[in-house]
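> just a sequence and a predicted model for now, questions to come.
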Amino acid sequence: MAVSREIERPQPKLVPWTRKLEDMPWWGLIVLLAFLLVVYLIYTSATYQDAYRFLVAGVKVTILVTLISFSIAIVLGLIAGLGRVSKNVIFYTGASVYVEVVRGIPLLVQIIYFAYVVAPLLVQIVNSLGAFMLQYTAIQPLMGLAHTLTNLHIQDVDVTARAIAGLAFGYGAYEAEVFRAGIQSIERGQMEAARSLGMSYFQAMRYIILPQAIRRVLPPLGNDFIAMLKDSSLISVLAVRELTHLGKLNRARTFRTFETWNTVTFLYLIMTISLSLVVKFIERRMAFEE
Amino acid sequence: MKSSIVEPLPMDDDIIIEHLYKSFGKVKALIDANLRVKRGEVCFIFGPSGGGKSTLLRCINHLEAPDSGRIIVDGIPVTHAKTNIDLVRAEVGMVFQLFNLFPHLTVLGNVTLAQEKVRKRSRGEAERVARELLERVGIPEKANAYPGQLSGGQKQRVAIARALAMNPKIMLFDEPTSALDAEMIKEVLDVMMDLAQEGMTMVVVSHEMGFAKAAADRMVFLDAGQIVEEETPEELFKNPKEERTKQFLSQILY
């Protein structure tokens, strides 16, 4: 018996070396070579070095703006996503209007709209609130506050803050759909089991559905983070000093179009490719866990 | 068998179902269902699939909202709009066909979560109760395992422990052994038999006729949304009155 089994064991198949070559991640090698070339240029060429030094500050702003906007977008998305699966008509309708309207407007237009329409409108509302408080002189201790409110000017509202608000509001709608899909992907029996134990809808969401749903949506959230990092270049129209805007400034300063935009591209790619490696790692770990 | 129970007062009815109707679209799942389950009774519901067994069971803890009719569980009108259904559900344990364990929590977490969040027990107290119950269903060594690492029979026993941890007055079983491999059915039925002997009020939807013979006080035959016959197991197996019951029994009994 043992002998026959020995014979039956399949021989390891030999893979031809050409197949092995085809399976290599060549794209990674090519990108790596391009990276090394740019790094080499930054080290050796004075114009590249100059561009790099000028642009690095923009990387910081880009990352910071993306981190803040994405955090807000996730909170907005979670709330709107819960609304999209809610049985409460008002909550559901509000969330749906938000998602459908925002997804129908170009992000660039939204950013401009937020900066030049919504923000001034809010300032006007604050102004009239201050004016209203001034009319009722009875509220003496709040007089200082009332004056501050009345004198608030649109120029006082930081343009970066307006840009962050626009980005976050726009991306929140997309994250809402991500969360909705994640919540709906959890089997109905989970909610039923939780409710049958006497948990409220809210408790069941909080302790049973969301922990599972959030784990499932981590990869798409990661991809959206990368997408937002790229889309943050749109806020250069508001002259926020992020990477793309600094690129424009550097070109205007040095007239070195070629070197400037090579370096800008290089810096974006460094950020996005390393982030997408992180997302791939999370994806693989999750596949292993399930 | 608990046939020794003296004729109880109507107050002792744990579950009262009156004139219950429920339809899904055009399909009538329940037509004028009436049922009373006494305290400590084991009520066994059987019948062909699609006959409304699960719907009837799920109406008891309002996982399904009936179209009309009245359900009173432990003196509380479940079907009344102002009833806080969560309070009723905490007193009514439910075991599902597909277990529905929480996959992101350990076995211990599965059994302690509702105790802490609904019963407001301390972590230590909840864990003590959980370990006691896991001992009772025969898998104390799996406390720190995740549901994905358990066999079907073990999962179902955890699900029973999870429901029991709330100290329910009533237990509902929705085809608890239908998704199990043959060799695991007995370990789950053993746990249920134990419960029945302790005097738990139980409503069991199942095809396990052996369990019905051994543990049920009453058998209810449900077909096409209607309760066709209600009888003790001895009577029902010996001489079923209705033609449909006879037919069904001859089809499933070997």
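Sure, I can see it. Residues are numbered from 1 along each chain as shown, chains lettered A, B, ... in the order given.
> quick check: closest non-adjacent residue to A:I183.
Excluding the flanking residues, the one nearest A:I183 by C-beta to C-beta, 6 or more residues apart in numbering or on different chains is A:A213, at 4.7 Å. (Glycine included, C-beta is placed from N, CA and C.)
> pretty sure that neighbour is touching A:S185, no?
Yes. A:A213 lies in contact with A:S185 (C-beta atoms under 8 Å); the separation is 6.9 Å.
> which residues touch the residue nearest to A:I183?
Applying C-beta atoms under 8 Å, 6 or more residues apart in numbering or on different chains to A:A213 gives the contacts A:179, A:182-183, A:185-186.
> in a strand, it, correct?
No. Applying DSSP: H, G, I helix; E, B strand; the rest coil, one finds A:A213 to be helix, outside a strand.
> measure it to A:E187 for me?
To A:E187, A:A213 is 11 Å away according to C-beta to C-beta, to the nearest Å.
> and for the two, which residues touch both?
In contact with both A:A213 and A:E187: no residue, using C-beta under 8 Å, 6+ apart.
> tell me the spacing between the residue in chain B that chain A sits nearest to and A:T265.
Nearest residue of chain B to chain A, counting by C-beta to the nearest C-beta: B:A90, 3.1 Å away. Separation of B:A90 from A:T265 (C-beta to C-beta): 60 Å.
> next: B:T55.
62 Å.
> swap in B:P240?
Applying C-beta to C-beta to B:P240 and A:T265 gives a distance of 81 Å.
> so which of the two has more stuff around it?
The residue with more neighbours, out of B:P240 and A:T265, is B:P240; 20 against 13, by other C-beta atoms under 10 Å in any protein chain shown.
> the closest residue to that one other than its chain neighbours: which element?
Computed as C-beta to C-beta, 6+ apart, the closest residue to B:P240 that is not its neighbour in sequence is B:K246, at 4.9 Å. Element membership for B:K246, per DSSP states H and E: helix B:243-252.
> chain center to that helix, what's the gap?
23 Å (C-alpha atoms, centre = their mean, to the nearest Å).
> same question for stretch A:264-276.
With C-alpha atoms, centre = their mean, you get 15 Å for stretch A:264-276.
> send the alpha carbons of it over as CSV?
Taking Å, rounded to 0.1, in the frame of the first residue of the first chain, the C-alpha atoms of stretch A:264-276 are listed here in CSV:
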residue,chain,number,x,y,z
VAL,A,264,5.2,67.3,-8.2
THR,A,265,4.3,64.1,-9.9
PHE,A,266,7.0,62.2,-8.2
LEU,A,267,5.9,63.4,-4.8
TYR,A,268,2.2,62.5,-5.4
LEU,A,269,3.2,59.0,-6.6
ILE,A,270,5.4,58.4,-3.5
MET,A,271,2.4,59.1,-1.3
THR,A,272,-0.3,57.2,-3.3
ILE,A,273,1.7,54.1,-4.1
SER,A,274,2.9,53.6,-0.5
LEU,A,275,-0.7,54.1,0.7
SER,A,276,-2.0,51.6,-1.8
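> can you give me the buried ones in that stretch?
Judged by neighbour count using 16 or more other C-beta atoms under 10 Å in any protein chain shown, the buried positions of stretch A:264-276 are A:264, A:266-268, A:271, A:275.
> in TSV: those residues, plus distance to chain B.
As requested, the buried residues of stretch A:264-276 are arranged in TSV below (distance: C-beta to the nearest C-beta, whole Å):
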residue	distance to chain B
A:V264	42
A:F266	41
A:L267	39
A:Y268	36
A:M271	32
A:L275	26
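> next, count neighbours for B:C43.
22.
> quick one, what contacts the residue in chain A positioned nearest to chain B?
The nearest approach of chain A to chain B comes at A:G198, 3.1 Å away (C-beta to the nearest C-beta). Contact partners of A:G198, counting by C-beta under 8 Å, 6+ apart, are B:86-87, B:89-91, B:114, B:118, B:166.
> B:G69 touches B:I17, doesn't it?
Yes. Counting by C-beta under 8 Å, B:G69 touches B:I17, with 7.2 Å between them.
> quick one: which of these two has more around it?
Neighbours per residue, other C-beta under 10 Å: of B:G69 and B:I17, the larger number sits with B:I17, 24 against 17.
> wait, isn't the more buried one in contact with B:A33?
Yes. At 6.0 Å, B:I17 and B:A33 qualify as touching, with contact defined as C-beta under 8 Å.
> pull up the overlap in contacts between these two.
What both B:I17 and B:A33 touch, as defined by C-beta under 8 Å, 6+ apart, is the set B:56, B:69.
> enumerate the residues of the stretch 51-200 of chain B near chain A.
Contact residues (C-beta under 8 Å from any C-beta of the partner chain) of the stretch 51-200 of chain B with chain A: B:61, B:63, B:86-87, B:89-94, B:96, B:98, B:100-104, B:113-114, B:117-118, B:159, B:162-163, B:166.
> out of those, which are inside helices?
Counted as lying in helices by DSSP state H, out of these, are B:86-87, B:89-91, B:113-114, B:117, B:159, B:162-163.
> quick one: which of the residues you listed is most hemmed in?
Most surrounded of these: other C-beta under 10 Å gives B:R162, at 32 neighbours.
> how close does it sit to B:I76?
From B:R162 to B:I76 the distance is 22 Å (C-beta to C-beta).
> ditto for B:G152
In terms of C-beta to C-beta, B:G152 sits 34 Å off from B:I76.
> more neighbours, those two?
Legend: neighbour count by other C-beta under 10 Å for B:G152 and B:I76, higher for B:G152 (18 against 14).
> please tell me how far stretch A:64-79 is from the chain's geometric centre.
7 Å.
> residues making contact with that stretch?
Contacts of stretch A:64-79 (C-beta under 8 Å, 6+ apart): A:95, A:160, A:163-165, A:167-176, A:178-179, A:221, A:224-225, A:228-229, A:232, A:235, A:240, A:242.
> got it, and stretch B:161-170?
Contacts of stretch B:161-170 (C-beta under 8 Å, 6+ apart): A:196-198, B:14-15, B:37, B:60, B:73-74, B:90-95, B:101, B:110-112, B:114-115, B:118-119, B:126, B:129-130, B:133-134, B:136-137, B:171, B:195, B:200-203.
> now, which of the residues you listed lie within strands?
Taking DSSP state E, the ones among these that sit in strands are B:14-15, B:37, B:73, B:92-95, B:171, B:201-203.
> among those residues, which one has the lowest pLDDT?
Within these, the minimum per-residue pLDDT falls on B:D14 (87).
> list the residues that contact residue 125.
Since you didn't name a chain, this refers to chain A. Contacts of A:I125 (C-beta under 8 Å, 6+ apart): none.
> actually it's chain B I care about, not the one you picked
B:Q115 are the contacts of B:E125 under C-beta under 8 Å, 6+ apart.
> in the chain, which residue is closest to the centre?
Since you didn't name a chain, this refers to chain A. A:F225 (3.2 Å; C-alpha atoms, centre = their mean).
> looking at chain B here, not the other one
B:L172 (1.8 Å).
> so what's the backbone phi/psi at residue 152?
Looking at chain A here, since you left the chain open. phi -60, psi 130 (degrees, to the nearest 10).
> show me the helices in chain B, by range?
Going by DSSP H, chain B shows helices at B:53-60, B:85-91, B:107-117, B:123-136, B:152-164, B:182-198, B:209-215, B:233-238, B:243-252.
> out of the ones you listed, deepest packed?
Most buried of the helices of chain B by mean neighbour count (mean count of other C-beta atoms under 10 Å in any protein chain shown) is helix B:152-164; its value is a mean of 25.
> helix B:107-117 and that helix, what's the angle between them?
20 degrees (axes from the mean of the first three to the mean of the last three C-alpha atoms, to 10 degrees).
> what mean pLDDT does helix B:152-164 have?
Helix B:152-164 comes out at a mean pLDDT of 95.
> and if you look at stretch A:48-67?
In this model, stretch A:48-67 carries a mean pLDDT of 95.
> all set, thanks.
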